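Trainee: Sequence first, then the predicted structure, then my questions.
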Amino acid sequence: MSCYKDFAKIYDRLIYGDIDYKKYAETVLKICDEYNIQKKDYLDLACGTGNITREVAQKFQNTWAVDMSCEMLTEAEQKLREKDIKAKFICQDMSGLELHNKFDLITCVLDSTNYILDEEDLNKYFIRVYEHLKNDGVFVFDINSYYKLTQILGNNIYNYDDDETVYIWENVLENEIVNMYLTFFVKEEGLYRRFDEEHVERAYRTEFLDELLAKIGFSILKKMDNYQTKKISSNTERIVYVLKK
């Protein structure tokens, strides 16, 4: 099984109502203002269907968007084109990021960093981001917290049902890695079509990330609770890192 293929076509319908993309983007843009970041070159990693890309790109001169899923990039490109927003879309693994450009702002939202399971690949990813930032550029990314992955998502089963889509979501937690097995039934012309996806995320402790990021050369400006101004706590579910080169 793979992820974000057939799911790309229904992703926004299932996810959009649960995520306040405009609020996330507003927070990112406020961070840019707070740290006097020039709004010229913007890169969104693991851009998905382009919801954050679209909101932030409106304030920048140039936008690049990277994702490993061609299907998700197709959705993103169409979405930005409808808003007459120009951007460059690249299908690439962000652990081997190579764009021959530097950016004032780089983002990677909605726990995409958790999808990097190998510590060596995680280190490569952060190094490549660092190398693609301009001096004094800012990198904003978020993770599903160790608490959320191990205590909330781990070893649990969820389901969803509306008139158009049914899915079953079963999680298995082992050695700090959560395997998420999703089975979808999507209504098409009166019948339901089934497809399966597997998503895998690793739980990272903030202490480990803080040390790794410092070794690379990042300055941790702050850590936020789900794009809010309040500080993180032991039961924060989404941790937002704000880093500066």
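Mentor: Noted; the coordinates are in hand. Numbering: from 1, shown residues only.
Trainee: just checking, next helix/strand downstream of the strand or helix carrying Val66?
Mentor: Using DSSP states H and E, Val66 maps to strand 62-67. For strand 62-67, the following helix or strand on the C-terminal side (DSSP H and E) is helix 70-82.
Trainee: and that next one, how far from the chain's centre?
Mentor: 16 Å (CA atoms, centre = their mean, to the nearest Å).
Trainee: C-terminal to it, what's the next element?
Mentor: Scanning forward in sequence from helix 70-82 by DSSP H and E, the next helix or strand is strand 88-91.
Trainee: That next one: which residues count as buried?
Mentor: Going by neighbour count (16 or more other CB atoms under 10 Å), the buried part of strand 88-91 is Phe89, Ile90. Where C-beta positions appear, they are placed from N, C-alpha and C, glycine not excepted.
Trainee: Can you spell out the domain ranges of the chain, please?
Mentor: Split into domains by automatic domain parsing, the chain comes to 7-144+204-244, 148-201.
Trainee: so of the ones you listed, which one's packed in deepest?
Mentor: domain 7-144+204-244 (a mean of 18; mean count of other CB atoms under 10 Å).
Trainee: Using JSON lines, lay out the domains of the chain together with mean pLDDT.
Mentor: Below are the domains of the chain laid out as JSON lines (pLDDT from 0 to 100):
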{"stretch": "domain 7-144+204-244", "mean pLDDT": "93"}
{"stretch": "domain 148-201", "mean pLDDT": "90"}
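Trainee: Strands of the protein, start to end?
Mentor: For the chain, the strands defined by DSSP state E occupy 41-45, 62-67, 88-91, 103-108, 133-144, 157-161, 165-174, 177-188, 191-202, 219-225, 238-244.
Trainee: How far does the last one sit from its chain's centre?
Mentor: For strand 238-244, the separation from the chain centroid amounts to 12 Å (computed by CA atoms, centre = their mean).
Trainee: What are the neighbouring residues in contact with Ala46?
Mentor: Going by CB atoms under 8 Å, 6 or more residues apart in numbering, Ala46 touches Val66, Asp67, Met68, Met94, Cys108, Val109, Leu110, Ser112, Tyr115.
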